[in-house]
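Visitor: return atomic coordinates for the entry below.
(4 chains)
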Protein chains: 2
Amino acid sequence: MTQTKAPQGRASARGKDRPEFLSPGGIATINDVARYAEVSIKTVSRVMNNEPNVREETRAKVREVANRLQYRPNLLARSLAGARSFLIGLLHDNPVASYVYDLQMGAIRRGRLSGYHVLSEPQERDAPDLERSIAGLLATIRLDGVILTPPLCDMAVVLQTLEAAGVPYVRVAPYLYPGRSACVRMDDTLAAFEMTEYLLGLGHRDIGFVLGHPDHGASHLRYEGFVRGMRAAGMEPRADWIKPGYFTFASGVEAGRSLFSGPDRPTAVFACNDDTAFGVMASAQQAGIKVPDEVSVVGFDDSPGSELIWPHLTTIRQPVEQLAHAAADMLLLRASGDAESANFNSLNKLLPFELIRRDSARAL
Amino acid sequence: MTQTKAPQGRASARGKDRPEFLSPGGIATINDVARYAEVSIKTVSRVMNNEPNVREETRAKVREVANRLQYRPNLLARSLAGARSFLIGLLHDNPVASYVYDLQMGAIRRGRLSGYHVLSEPQERDAPDLERSIAGLLATIRLDGVILTPPLCDMAVVLQTLEAAGVPYVRVAPYLYPGRSACVRMDDTLAAFEMTEYLLGLGHRDIGFVLGHPDHGASHLRYEGFVRGMRAAGMEPRADWIKPGYFTFASGVEAGRSLFSGPDRPTAVFACNDDTAFGVMASAQQAGIKVPDEVSVVGFDDSPGSELIWPHLTTIRQPVEQLAHAAADMLLLRASGDAESANFNSLNKLLPFELIRRDSARAL
DNA sequence: CTGAAAGCGCTTACAG
DNA sequence: CTGAAAGCGCTTACAG
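Guide: Okay, the predicted model is just below:
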């Protein structure tokens, strides 16, 4: 009963005789709480997990002791013993830092509501050992779920690896393999359609388009929206005004150079993302063509730079953080068993976008 | 010996009779490897951890089996049993997404070399329960180390909480409490000094300065560099040209509005970071003052926007990713016991910056 | 409503 | 050079 051992560090605190009083840097365990509350560790476990079948009086006592000892269940021990790891992974390979950052914050914020943590795992989609890398991650850490972002979310090998490991995943803004998994998206095609309508409404007829990276589904969806928008107005896009692009500033410069090379040029350019639009604007300025007086330029993303550039960029605001928040939400609901896992894969959430009118597009 | 049980999921695979053959989604454990290699789990453990005292022949056999079964030690189990968690935390509360993102990538990349993962943990510095939040994190997950970023790295309560929990930490770009912990930094003062010299070299004498957020040590260090640079040239900064700022675009606009309000205005403005510089440039343009023809503007950070804005921003490039890489390096060396933990707290690494001359500053 | 036992997949501390 | 035992801090499955 009366133990005289001095407080000890973690390594030496092994064995049945843990110090009677927690050492300064010592962290209380379920055993400490059980001992002080004079119940079994199973009862402590029940209280901490809000399980039923505990007398209210007992529950209160355990809570009080846990509070006093500042007890926090060890996540690692819970993971090892139980069916959940309280960890979700965010797999990404995306050049736009702000996009990845926002996704991450969304996942982290939703995770915190349920005691979950997020592991940010960059992956290189061209790496020859991509499969090994992901499979290794899943074997090393038992993730309760994974959020897959473009372009990884459209790679069969990635999906297969996750499925083989039996790890639930939600895809953000997927393009290929519809219905194969739970998804969270916004309607890229509709957004591009509306942006096209907006340009047409400003009187533009000669509209150029700069494609996005072909690996990213969004490139194709946005292009489709552009084409549909033109056709809905009885027009056909001019093939020589459709330029390749890679979601980069440089590719926007390149596209602009080509678009603005002769006298026969578009009065508006729709770039597949903001960085590309910035490049287009830069090349216009270099060519002495004024934006928006002589050419309107619009983008897609509402990235931080869009209010920095001059003139401010008209663009589409994506609910990036909310997408990841919703994805994490699906995963956590499933992990907690609240959701019907049966049709988990058919979940498909659509979030709204917003057309942000700034100064880079103007009536003809 | 001959088990007829069908492959089972994780939950039902408990007990001594694990399936003889791993189920499709099943993950090999140390027991599987030991059984197939006909050694004890301790020997497998030795091989996986590259410990000595294993016959080369035995080692090879274990390696072969581990490879065949695609065995990966379970991180959670290693953490629980051992002294290391293979997890490091990155605590941040910073408005600049690209800064946090780069730090994270640096930590992740260094971590991977040693099988470590990074937990990104945003914290609100003004939250009343900041201490509880961090202490809770540390109690929940046994982190092997924490990387502390500005402004959290200068908050006594944060340092105390980490120290009380006995978790080693490295501070990135700290300002207060020198020598209290291992640090990684660049010389903000010298960088600002050199930027000031550069402006002076261009013939500017009337130089305004926009301060950064007072919570961030970098603000003070950079201001100090500016003052020193001026004094080294025999000049004293004009007090009415020192404007408050908060590292934000809006505060740059505000500062610019004030600086450019009358005819008696500076010929150059040194903003404490890029976002602020962008704001200063915007307000110059609104006031009809041309950059760089009528006023030079320089920033600090080399953020993604600095090549987007027109004219391109002259600024200081910080080695952000490398800072976090170096911080993680210190932590991991310590965790692996290679480093002398004794003087760990006196480690202090200085990384080089670079003055990036672009187009926003010009000779008078 | 409560608890004793077994086990998660590893490492530690020892013994030989 | 190798292994048996105990333990990390929890949850699961079961018994009462």
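Visitor: list the contacts for the most centrally placed residue in chain A?
Guide: Among the residues of chain A, the smallest C-alpha distance to the mean C-alpha position (C-alpha atoms, centre = their mean) belongs to residue A:103, namely 3.2 Å. Taking C-beta atoms under 8 Å, 6 or more residues apart in numbering or on different chains as the criterion, residue A:103 is in contact with A:90, A:92, A:147, A:149, A:172, A:320, A:321, A:323, A:324. In short, each C-beta sits where N, CA and C put it, glycine included.
Visitor: just say helix, strand or coil for the first one.
Guide: Going back to what we said before, that points to residue A:90. Reducing the assignment to helix, strand or coil with DSSP: H, G, I helix; E, B strand; the rest coil, the entry for residue A:90 is strand.
Visitor: give me the neighbour count for it.
Guide: Taking other C-beta atoms under 10 Å in any protein chain shown as the neighbour definition, residue A:90 ends up with a count of 25.
Visitor: contact partners for it?
Guide: When contacts are counted by C-beta under 8 Å, 6+ apart, residue A:90 touches A:103, A:104, A:107, A:118, A:119, A:120, A:121, A:146, A:147, A:149, A:324.
Visitor: just those: which are in helices?
Guide: In helices, defined here by DSSP state H, the members of the contacts of residue A:90 are A:103, A:104, A:107, A:324.
Visitor: my guess is the last one contacts residue A:170. True?
Guide: Pointing back at residue A:324 there. No - between residue A:324 and residue A:170 there is no contact, the gap being 9.2 Å when judged by C-beta atoms under 8 Å.
Visitor: between those two, which contacts overlap?
Guide: With contacts taken as C-beta under 8 Å, 6+ apart, residue A:324 and residue A:170 have A:147, A:184 as neighbours in common.
Visitor: which one is residue A:230 nearest to, not counting chain neighbours?
Guide: Here the nearest residue to residue A:230 in space, its sequence neighbours aside, is residue A:237; by C-beta to C-beta, 6 or more residues apart in numbering or on different chains that works out to 5.1 Å.
Visitor: top of the contacts of residue A:90 by neighbour count?
Guide: Each of those was scored for neighbours by other C-beta under 10 Å, and residue A:107 scores highest at 32 neighbours.
Visitor: mind pulling up the pLDDT for that residue?
Guide: According to the per-residue confidence, residue A:107 scores 98 in pLDDT.
Visitor: ok, it to DNA strand D distance?
Guide: For residue A:107, the distance to DNA strand D (C-beta to the nearest atom of the strand, to the nearest Å) stands at 23 Å.
Visitor: now swap in residue A:117 and tell me
Guide: Residue A:117 sits 15 Å away from DNA strand D, going by C-beta to the nearest atom of the strand.
Visitor: kindly report the same for residue A:255.
Guide: If you measure residue A:255 against DNA strand D using C-beta to the nearest atom of the strand, the figure is 54 Å.
Visitor: now do residue A:98
Guide: With the distance defined as C-beta to the nearest atom of the strand, residue A:98 ends up 37 Å from DNA strand D.
Visitor: nearest to DNA strand D among the contacts of residue A:103?
Guide: residue A:147 (23.0 Å; C-beta to the nearest atom of the strand).
Visitor: so who does the residue lying closest to residue A:304 once chain neighbours are set aside touch?
Guide: Once its chain neighbours are removed from consideration, residue A:304 has its nearest residue in residue A:98; the separation is 5.5 Å (C-beta to C-beta, 6+ apart). Residue A:98 makes contact with A:303, A:304, B:97, B:98, B:101 under the criterion C-beta under 8 Å, 6+ apart.
Visitor: now that we have those, which one has the most neighbours?
Guide: Taking other C-beta under 10 Å to define a neighbour, the member of these with the most is residue A:303, carrying 29 neighbours.
Visitor: contact partners for residue A:207?
Guide: Taking C-beta under 8 Å, 6+ apart, one finds A:196, A:199, A:200, A:226, A:230, A:237, A:241, A:266, A:267, A:268, A:269, A:270 in contact with residue A:207.
Visitor: count of residues packed around whatever residue of the stretch 251-364 of chain A ends up closest to DNA strand C?
Guide: Nearest to DNA strand C in the stretch 251-364 of chain A, going by C-beta to the nearest atom of the strand, is residue A:335, at a distance of 17.8 Å. Counted by other C-beta under 10 Å, the residues lying close to residue A:335 total 20.
Visitor: which ones are touching it?
Guide: Taking C-beta under 8 Å, 6+ apart, we find residue A:335 in contact with A:84, A:144, A:145, A:168.
Visitor: in strands, which of the residues you listed appear?
Guide: Per DSSP state E, strands hold the following members of those: residue A:145.
Visitor: JSON lines for the contacts of residue A:335, including neighbour count, pLDDT and distance to DNA strand C?
Guide: Formatted as JSON lines, the entries for the contacts of residue A:335 read as follows, by neighbours: other C-beta atoms under 10 Å in any protein chain shown; pLDDT from 0 to 100; distance: C-beta to the nearest atom of the strand, whole Å:
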{"residue": "A:84", "neighbour count": "18", "pLDDT": "90", "distance to DNA strand C": "12"}
{"residue": "A:144", "neighbour count": "22", "pLDDT": "95", "distance to DNA strand C": "15"}
{"residue": "A:145", "neighbour count": "25", "pLDDT": "96", "distance to DNA strand C": "19"}
{"residue": "A:168", "neighbour count": "20", "pLDDT": "95", "distance to DNA strand C": "18"}
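Visitor: nearest to DNA strand D, of the contacts of residue A:335?
Guide: Distances from DNA strand D to the contacts of residue A:335, taken as C-beta to the nearest atom of the strand, are shortest for residue A:84 (6.9 Å).
Visitor: any idea how far residue A:144 is from the closest one?
Guide: Per C-beta to C-beta, to the nearest Å, residue A:84 is found 5 Å from residue A:144.
Visitor: pull up the per-residue confidence for residue A:23.
Guide: With respect to pLDDT, residue A:23 has a value of 43.
Visitor: now residue A:341
Guide: 64.
Visitor: next: residue A:338.
Guide: Model confidence at residue A:338 (pLDDT) stands at 62.
Visitor: for the stretch 251-364 of chain A, what spans make up the strands?
Guide: Taking DSSP state E, counting those that start in this stretch as the criterion, the stretch 251-364 of chain A carries its strands at A:268-271, A:296-298, A:315-317, A:348-351, A:354-356.
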